[in-house]
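Asks: Pasting the sequence and the predicted model now:
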Amino acid sequence: MRAIIIDDEPDAVELLNIRLNQKCPQIEVVATCTSSIKGVAAIIEHRPELVFLDIEMPQMNGFQVLEAVEGIPFALIFVTAYDKFALKAFKYSAIDYLLKPIDSQELTNAVKRIERFQHTSFEQIDHLKKQFANAQRPLTDKIALPYQNGVTFVSIKDVIYCESDDSYTKFFLTNGQNCLVTKTLKEIQELLEERGFLRIHRQYLINLDHIKKFYKGEGSYIIMTNNQSIPVSRLHKERLSEHFKWL
């Protein structure tokens, strides 16, 4: 896979190039750029399959670089120094990122994910850009769900519950459809627990706004608004009780 690195910090460019040579021999770095303007020219010239891109750069930031090369398809991995709170914006948009200083294992994992999808959509970039533009409201109303052939966006309020399926997660939606996404339930839990979702079983994460009935006692379970019965484990029953004081 042919790749380009664009970052205004020469040391960061050199380190990433070294790590790729050491850990990801399937990646051929065809250009490295410490200028965003030269980065645009390199993308147009080389038409890479993968771009490693910093966000905060002089002259043009990462989003402006992407606008300048819109229409050229490639996979994207952002390289950033943003803190853990801002990084949620990437997760909601299902866009891969590497946090400086770059960890070798995280680099390897990101490249493996990119090899499966090989494309970052304009909708994902636009979704991420809007979140960064409105720093006072970092939590989005939509979440990007990656699947084998692309990415779909759904409103969080339309998610009834999520079910674990090994290394995948199935989303059950209010329109009766379900989506199988390439994320573990633990990864989804980290994103949605602060948005009114609760893990009530090792296999289930539910939207508390979609609870219809709760049956207590041995073998406790919940009926959701789609009339699906969801078991409540003994371990997670206390957390549910803490949320609804009347239980």
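Replies: Nice, I can see it.
Asks: for residue 173, what are its contacts?
Replies: 154, 158-160, 179 (CB atoms under 8 Å, 6 or more residues apart in numbering). In this view, the C-beta of every residue, glycine as well, is placed from N, C-alpha and C.
Asks: what's the model's confidence in stretch 94-110, averaged?
Replies: Average pLDDT, stretch 94-110: 90.
Asks: list the buried ones in that stretch?
Replies: Within stretch 94-110, the residues that qualify as buried are 94-99, 102, 107, 110, counting by 16 or more other CB atoms under 10 Å.
Asks: Tell me where the protein has helices.
Replies: With DSSP state H applied, the chain shows helices at 10-23, 36-46, 62-68, 87-92, 104-117, 122-133, 185-192, 234-243, listed in chain order.
Asks: which residues sit against the shortest one?
Replies: Meaning helix 87-92. Residues outside helix 87-92 that contact it (CB under 8 Å, 6+ apart): 78, 80, 96-97, 99, 127-128, 131-132, 138-140, 142-144, 187, 190-191.
Asks: If we use 6 Å, what do you get?
Replies: 97, 128, 131, 140, 143, 191 (CB atoms under 6 Å, 6 or more residues apart in numbering).
Asks: what pLDDT does the last one get?
Replies: For residue 191, the pLDDT comes out at 85.
Asks: What distance do you get for it to residue 91?
Replies: Counting by CB to CB, to the nearest Å, the separation of residue 191 from residue 91 is 6 Å.
Asks: repeat for the first one
Replies: Here residue 97 is placed at a distance of 9 Å from residue 91 (CB to CB).
Asks: shared neighbours of the two, anything?
Replies: Common neighbours of residue 97 and residue 91 are not found (criterion: CB under 6 Å, 6+ apart).
Asks: who's in contact with residue 54?
Replies: Residues counted as contacts of residue 54 (CB under 6 Å, 6+ apart) are 7, 62, 79.
Asks: Tell me what residue 170 is bridged to.
Replies: In this entry, residue 170 is beta-bridged to residue 163, residue 180, by DSSP bridges.
Asks: Show me how the protein divides into domains.
Replies: The chain is divided into the following domains under automatic domain parsing: 2-133, 142-243.
Asks: What's the per-residue pLDDT of residue 139 here?
Replies: Residue 139 is assigned 58 on the pLDDT scale.
Asks: Kindly report the same for residue 244.
Replies: At residue 244, the predicted lDDT confidence score is 69.
Asks: again with residue 135
Replies: Per-residue confidence (pLDDT) for residue 135: 56.
Asks: mind starting the numbering at 147 from now?
Replies: With 147 as the first residue, the last one maps to residue 281.
Asks: To residue 349, which of the helices of the chain lies closest?
Replies: Taking CB to CB as the criterion, residue 349 comes closest to helix 331-338 out of the helices of the chain, the separation being 7.4 Å.
Asks: Using CSV, list the CA coordinates for the closest one.
Replies: Below are the C-alpha coordinates for helix 331-338, written out as CSV (Å, rounded to 0.1, in the frame of the first residue of the first chain):
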residue,chain,number,x,y,z
LEU,A,331,-19.1,-4.0,22.4
LYS,A,332,-16.5,-2.6,24.8
GLU,A,333,-15.5,0.0,22.3
ILE,A,334,-19.1,1.0,21.7
GLN,A,335,-19.7,1.1,25.5
GLU,A,336,-16.8,3.6,25.9
LEU,A,337,-18.5,5.9,23.4
LEU,A,338,-22.2,5.6,24.4
